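J.: dropping a prediction and its sequence here:
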Amino acid sequence: MRSKQEITGIWAKLFPRFSGSSATLQGQVKEMMAHSILMGLVPAGAKVPTSRALAVALGLSRNTVSLALQVLVDKGFLIAIPRSGLMVNGDILLGQAEKSPPQAAAPTGIHWDARLVSRVAHQRNIIKPANWQDYPYPFIYGQFDASLVPLKDWRDCAHQALFVPAVKKWAQDHINRDSDALLDQIQHRLLPARGIMARRDEILVTGGAQMACYLLANVLLDRQTVVGIEDPGYPDARNNFLLRSDHVKALPIDADGLVASRAMGQCAYVYVTPSHQCPTTVTMPLARRHAILALAKKRDVVLFEDDHESELNFSGRPLPALKSLDTDGRVIYLGSLSKTLAHGLRIGYIVAPAELIRELRALRRLIIRHTPANNAHTASLFIAQGHHDAFIRKLNVTYRERRELLSSAFSRHLPQFHIMPSQGGSGAWVKGPDGLDAQTLTEKCAARGVLVEPGDIFFAKSSSASQPYLRLGYAAIPNHLIDTGVQELAKAYLSS
């Protein structure tokens, strides 16, 4: 049996390096103590040190430690013994398998590589370091600046979602149904803002645009289906289509986005990002949108419109979605809250004919049944109470400022690099001098604390023609660090 002094020593060593999920010290203490009990580091029946001794050992206030201990008593981890203090409750371990010492994995004789029928892990993917927040100059696309997120508003909505009437709505198993509250907001607030009218049975909530692409690929494509995607284009969409089809066609783009080309007319389906082309950020003008729709109708092509960052528009009035101009029912619309609110939220949606939505819903049920209803309910409140619209206005002002600061910094420090003009979005597509090895430059930048992305991943085939390109995001980097970050990028370039 461990003594109180030994337990104090265990917790004193564990606490500084314990990576808990709680944001509060009291929460971290509770998690650390519960972890140590459940993992057998502190045995059942052991007497717990006093709150005063623990507070001194952990370097915390006695009040913080006392509150944590009281919660562990309430939850049954500890037992209060009259005149003896606290003791670890052995009953808390009932139902757990007896732990045996870790052993080296025994060879199974199964050759898993020979059994694999796909090689998804071998696909070319965008790589983002998990510790991006540790870099001084994170020009990383697809992340967020916590200082911009309206945490108080989101917290209020999350609190409202925990009221009993709300919990009764979202806590039940929805089988394959979506949150009615979120569907209301998509149908009556988000889609009309893009000029789109849809019935409830024409909307499906997804875990972001990537899941939408996966569902569509599995329901509509086979090995012989010809599906087109912009080149350069969104790698995750391309990879989803490659899982199902042997005929994924790279389609040309120009300064106006996707070209209404002969190659496009040879496709059964075409994935397009007209609001802010991925990755070049180009906004497709109205005339080109009509030309794309006309060719699609003439050649019986169905369009997958990923309305990528449509709300992030510096002019204040975005162009109408392709779906809103479609009079022939051949545009399948993909929207997302993740791109603007928080990428970790993973809420997107598909708008398509009801018969297609039924099949997509059935497939989604086999994967996850439905998306997390608690997040959906909180998001619906956030939209309904006007927080989302206010947040988008704030983002547009901030991102316009950051875009201007980025352009000015490149003009001063790297005039030999060209930034593609953009009407919005949260990233910049940058072309360096001919012969630039963007991959090598990216590695040198990272060594200087600057995170940028090489552009070759966005091209269907990595070649010398794609090497001079970089993508820089400005959603996650504060205004005052942009110029210095570009200076460091320039130093990395000049050292190559």
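T.: Okay, I see it.
J.: which regions of the stretch 301-450 of the chain sit below the pLDDT cut-off?
T.: By pLDDT under 70, the low-scoring segments of the stretch 301-450 of the chain are 316.
J.: show me where it has its strands.
T.: With DSSP state E, counting those that start in this stretch as the criterion, the stretch 301-450 of the chain has strands at 302-306, 331-336, 348-351, 418-419, 427-431, 450-451.
J.: which other helices and strands contact the fourth one?
T.: Looking back up the chat, that one is strand 418-419. If you count contacts as 3 or more C-beta pairs under 8 Å, 6 or more residues apart in numbering; DSSP states H and E, strand 418-419 packs onto helix 387-413, strand 427-431. In this view, the C-beta of every residue, glycine as well, is placed from N, C-alpha and C.
J.: now that strand: how far from the chain's centre is it?
T.: 27 Å (C-alpha atoms, centre = their mean, to the nearest Å).
J.: about what we covered before: can you redo the helices and strands packed on strand 418-419 as TSV with mean neighbour count and distance to residue 331?
T.: Formatted as TSV, the helices and strands packed on strand 418-419 follow (neighbours: other C-beta atoms under 10 Å; distance: least, C-beta to C-beta, whole Å):
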stretch	mean neighbour count	distance to residue 331
helix 387-413	17	23
strand 427-431	23	25
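J.: closest to residue 235 out of these?
T.: Closest to residue 235 of the helices and strands packed on strand 418-419 is strand 427-431 (C-beta to C-beta; 14.2 Å).
J.: please name every helix or strand in contact with that closest one.
T.: Contacts defined by 3+ C-beta pairs under 8 Å, 6+ apart place strand 427-431 against helix 387-413, strand 418-419, strand 469-473.
J.: hmm, back to that, tell me which of the helices and strands packed on strand 418-419 sits nearest to residue 114.
T.: Comparing the helices and strands packed on strand 418-419 by C-beta to C-beta, strand 427-431 comes nearest, at 41.0 Å.
J.: what sits closest to the most centrally placed residue in the chain if chain neighbours are left out?
T.: Nearest to the geometric centre of the chain sits residue 343, at 3.1 Å (C-alpha atoms, centre = their mean). In this structure, residue 343 finds its nearest non-sequential neighbour in residue 142, 5.7 Å apart by C-beta to C-beta, 6 or more residues apart in numbering.
J.: so who does the one you found touch?
T.: By C-beta atoms under 8 Å, 6 or more residues apart in numbering, residue 142 lies in contact with 128, 343, 473, 475.
J.: rerun at 10 Å
T.: Neighbouring residues of residue 142 by C-beta atoms under 10 Å, 6 or more residues apart in numbering: 126, 128, 132, 338-339, 343, 426-427, 453, 471, 473, 475-476.
J.: in PyMOL, select just the buried ones from those residues.
T.: A single PyMOL command selects the buried members of the contacts of residue 142 (16 or more other C-beta atoms under 10 Å):
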select buried, resi 338+339+426+427+453+471+473+475+476
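J.: for the longest strand along the chain, name the packing helices and strands.
T.: In the chain, taking DSSP state E as the definition, the longest strand is strand 247-254. Using 3 or more C-beta pairs under 10 Å, 6 or more residues apart in numbering; DSSP states H and E, the elements in contact with strand 247-254 are strand 226-231, helix 235-244, helix 262-265, strand 269-272.
J.: any idea how far the last one is from the chain center?
T.: In this view, strand 269-272 has its centroid 22 Å away from the chain centroid, taken as C-alpha atoms, centre = their mean.
J.: now the next helix-or-strand element following it and strand 302-306, what's the angle there?
T.: Remark: after strand 269-272, the chain's next helix or strand is helix 286-299, criterion DSSP states H and E. Angle, helix 286-299 to strand 302-306, by axes from the mean of the first three to the mean of the last three C-alpha atoms, to 10 degrees: 150 degrees.
J.: contact partners of helix 286-299?
T.: By C-beta under 10 Å, 6+ apart, the list of residues contacting helix 286-299 from outside reads 254-262, 264-270, 272, 274, 282, 284-285, 301-303, 305, 319-322, 324-328, 330-331.
J.: can you do 6 Å?
T.: By C-beta atoms under 6 Å, 6 or more residues apart in numbering, the residues outside helix 286-299 that reach it are 256, 260, 265, 303, 319, 322, 325, 328, 330.
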